[in-house]
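**Q** Have a look; sequence and predicted model below, questions after that.
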Amino acid sequence: MTSTGEDRISKLKELFPEIIVNGKIDLNKLREVLGDLVDQEPYSFDWPGKGQAVALQHWPVTAAFEFCQEESVNWQTTGNLFIEGDNLDALKLLNKAYQGKIKMIYIDPPYNTKSPLLYADNFTDHARWLSMMYPRLALARQLLQEDGAIFISIDDHEIAQLILLMNEIFGEENFVSVLKWKRKRKPAYLSSHVATLFEYVVVYARNKSKLRRLTVGMATDNTRPVLNAGNKISERVLPAGADAKCGDGILPPGTYGGRSLKFELLDAAEIKKGRLVNDVRVRGPFRVPQEIFAKFGYITARKALRRYVSEEEKQPKLISDGLLDVGTNEDAENELKELFGGICPMDYPKPVSLIKFLAAAVTGNDDIVLDFFAGSCTTAQAVLELNHEDGGNRRFIMVQHAEPVRKTSRAYKAGFETISEIGKERIRRVLAKMKDITEGTGEDPGFRVLKVIQKEG
């Protein structure tokens, strides 16, 4: 039994010592203790092979990490890791040192599309895919901080199964959102039934009550409109003391504003030293309530109406569940071509801007980001670039099996024999490209390579 299993039994023993018999849990006694709290007919999400998949996370690990200094960059000082090997073993090993320390996990697992993948696992049915994912996601949950979150890219073949699986492992109460990512600029009209534009990013928290609001950026505009063509005509009052930038004097009652944003002054407006002297009634297609208009509204130099942005509105904004402008598949391929001399050595890469956007929403300066289906290591590049942009000190942990690429693939023709080689080389090239602009800034200019090896005996 793993230390995790022993810890769980120890905690149960503290609460209910009578349910432990010969070091094991007596389920009948547990039911007696819990009484009405036990659901006699619980909902169950099941599939062939689930029992073994659940047990797999608890099997003792028979592997270890071997350090590989010759493949690393700035080995002595870096806090970034690239782990080459099976991600199930890697996750078990990482739990020994990083349990509860990872702020963000992003993964882009192999999809169950019944089409050839660069990964050896070509999952042709839901059951095999679920059995592969279950123990890895269960171990990943243990690695997350209490206020951490996991983001999983997925398409429509497995999204329903994934949500059921995540509800079981993370708890339905920790579901955050399904983000819709616009992966193409134009749909594929040759598709059999529907021209698809979107994929999905499923988001779960380790503990939703402790997850911060997912926000990005700041309000860039200092003023905003108060009218909206087509809205119902209503009346507001602009109070004495409001700014008026159209020059001192009297604005007589009448119609003002542009073609589509006309409004009517119902009272003469007296202006002195750039401010209204008297309250004035205004009629128009307002988009803001009286409270906002009275507090922030003003008359512009062109005798139009606008309002100032409040301090509250200048705070970072919640991300939308529609990811429309965070890069596409085409952008992702171009990013790899730029790094690899015009060649894109990976199929279906994700754009750096997508993962950078997600990382900016959930991570702080000193957090750790994990990707255990690392592929070409887009996530590593996203972390490095985000650190450079906001002065952060985030670290990444990439995990990728030394999976052979197809001999007919662009990667093989470019000299790469495994996916992990592509990932490591990408990180090296990104670091080299950033060297001139990061030197002396304190940014981490390296990564350490570890390999998962099986113990002898």
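**A** Everything's here; your move.

**Q** Ramachandran angles for the residue sitting nearest the centre point of the chain?
**A** Centroid-nearest residue in the chain, with C-alpha atoms, centre = their mean: Leu358, separated by 3.4 Å. The phi and psi values for Leu358, taken as degrees, to the nearest 10, are phi -70, psi -40.

**Q** Can you pull the phi and psi angles for the residue nearest to Phe16 when sequence neighbours are not counted?
**A** Excluding its sequence neighbours, the residue lying closest to Phe16 (C-beta to C-beta, 6 or more residues apart in numbering) is Val33, at 5.2 Å. To be clear about C-beta, it is placed using only N, CA and C from the backbone, and glycine gets the same treatment. Backbone torsions of Val33, given as degrees, to the nearest 10, read phi -70, psi -40.

**Q** distance of Val33 from Glu18?
**A** Spatial separation of Val33 from Glu18 under the definition C-beta to C-beta, to the nearest Å is 7 Å.

**Q** Those two: which has the busier surroundings?
**A** Val33 (14 against 11; other C-beta atoms under 10 Å).

**Q** Can you give me the pLDDT of that one?
**A** Looking at Val33, its pLDDT reads 71.

**Q** residue contacts, Lys143?
**A** Just so we're on the same page, residue 143 is Leu rather than Lys. Neighbouring residues of Leu143 by C-beta atoms under 8 Å, 6 or more residues apart in numbering: Leu91, Leu94, Asn95, Tyr98, Gln99, Gly100, Lys101, Ile102, Ile105, Leu370.

**Q** Which of those residues are buried? Put it as a ChimeraX command.
**A** Applying 16 or more other C-beta atoms under 10 Å to the contacts of Leu143, the buried members can be selected in ChimeraX as follows:
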select :91,94,95,98,102,105,370
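
**Q** Okay, domains of the chain per the record?
**A** 3-42, 54-217+316-454, 223-308 (automatic domain parsing).

**Q** Out of the ones you listed, which is the most enclosed?
**A** domain 54-217+316-454 (a mean of 18; mean count of other C-beta atoms under 10 Å).

**Q** any idea of the mean pLDDT in that one?
**A** 90.

**Q** Now the terminal residues of that domain, how far apart.
**A** Taking C-alpha to C-alpha, to the nearest Å, domain 54-217+316-454 runs 22 Å from one end to the other.

**Q** Show the subsequent helix or strand relative to the longest helix seen in the chain.
**A** Determined from DSSP state H, the single longest helix within the chain is helix 419-438. Downstream of helix 419-438, the first helix or strand assigned by DSSP states H and E is strand 448-454.

**Q** by how many degrees do that next one and helix 419-438 diverge?
**A** Strand 448-454 and helix 419-438 are oriented at 160 degrees to each other (axes from the mean of the first three to the mean of the last three C-alpha atoms, to 10 degrees).

**Q** What is strand 448-454 packed up against?
**A** On a contact count with 3 or more C-beta pairs under 8 Å, 6 or more residues apart in numbering; DSSP states H and E, strand 448-454 meets strand 63-67, strand 81-84, helix 87-98.

**Q** separation between the residue nearest to Phe16 and Gly171?
**A** Noted for Val33: a distance of 22 Å to Gly171, by C-beta to C-beta.

**Q** swap in Asp86?
**A** For Asp86 relative to Gly171 (C-beta to C-beta), the value is 27 Å.

**Q** How far off centre is stretch 411-421?
**A** Centroid separation between stretch 411-421 and its chain, computed with C-alpha atoms, centre = their mean, to the nearest Å, is 28 Å.

**Q** From one end of it to the other, what's the distance?
**A** In stretch 411-421, first residue to last residue: 10 Å (C-alpha to C-alpha).

**Q** what are the ranges of the helices in the protein?
**A** Here the chain has its helices, by DSSP H, at 3-15, 27-34, 50-56, 87-98, 126-143, 159-170, 290-296, 329-339, 352-362, 378-390, 410-413, 419-438.

**Q** Could I get the ones you listed in TSV, plus columns for distance to Ser209?
**A** Output for the helices of the chain, formatted as TSV (distance: least, C-beta to C-beta, whole Å):
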stretch	distance to Ser209
helix 3-15	20
helix 27-34	23
helix 50-56	26
helix 87-98	23
helix 126-143	16
helix 159-170	13
helix 290-296	31
helix 329-339	34
helix 352-362	15
helix 378-390	26
helix 410-413	44
helix 419-438	35
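
**Q** among those, which is nearest Phe151?
**A** Nearest to Phe151, of all the helices of the chain, is helix 352-362, at 5.3 Å by C-beta to C-beta.

**Q** got the angle between the closest one and helix 419-438?
**A** Counting by the same axes, to 10 degrees, helix 352-362 lies at 70 degrees to helix 419-438.

**Q** could you give the angle of helix 352-362 to helix 378-390?
**A** Relative orientation of helix 352-362 and helix 378-390, computed by the same axes, to 10 degrees: 60 degrees.

**Q** start at 797 instead
**A** OK, 797 is where the count begins now, so the last one is helix 1148-1158.

**Q** and helix 1148-1158, how far from the chain's centre?
**A** Relative to the chain's own centre, helix 1148-1158 is displaced by 6 Å; criterion: C-alpha atoms, centre = their mean.

**Q** List the contacts of it.
**A** Here helix 1148-1158 has contacts from 899-900, 902, 944-945, 947, 977, 997, 1007-1008, 1010-1012, 1115, 1119, 1122-1123, 1127-1128, 1131, 1165, 1174-1175, 1177-1179, 1181-1182, 1186, 1190, using C-beta under 8 Å, 6+ apart.

**Q** Show me the strands in the stretch 1047-1196 of the chain, by range?
**A** Under the criterion DSSP state E, counting those that start in this stretch, the stretch 1047-1196 of the chain contains strands at 1050-1052, 1059-1061, 1065-1068, 1071-1072, 1076-1080, 1093-1095, 1101-1104, 1113-1114, 1118-1119, 1164-1167, 1191-1196.

**Q** Can you redo the contacts of Leu939 as TSV, where the extra columns are distance to Met1142?
**A** Output for these, formatted as TSV (distance: C-beta to C-beta, whole Å):
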residue	distance to Met1142
Leu887	22
Leu890	24
Asn891	28
Tyr894	26
Gln895	31
Gly896	32
Lys897	29
Ile898	24
Ile901	20
Leu1166	19
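
**Q** out of the helices and strands packed on strand 1244-1250, nearest to Arg1032?
**A** helix 883-894 (56.0 Å).

**Q** who does that closest one touch, helix- and strand-wise?
**A** Contact partners of helix 883-894 among helices and strands, from 3+ C-beta pairs under 8 Å, 6+ apart: strand 859-863, helix 922-939, strand 1164-1167, strand 1191-1196, strand 1244-1250.

**Q** Paired strands for the third one, with orientation please.
**A** It stands for strand 1164-1167. strand 898-903 (parallel), strand 1191-1196 (parallel) (DSSP bridges).

**Q** And the helices of the chain: which comes nearest Asn870?
**A** helix 1215-1234 (8.4 Å).

**Q** and the nearest residue to Phe1243 once chain neighbours are set aside, what does it touch?
**A** Once flanking residues are discounted, Phe1243 sits nearest to Asn876: 3.9 Å by C-beta to C-beta, 6+ apart. Shown in contact with Asn876 (C-beta under 8 Å, 6+ apart): Ala1176, Val1179, Arg1191, Phe1192, Ile1193, Ile1223, Asp1240, Gly1242, Phe1243, Arg1244.
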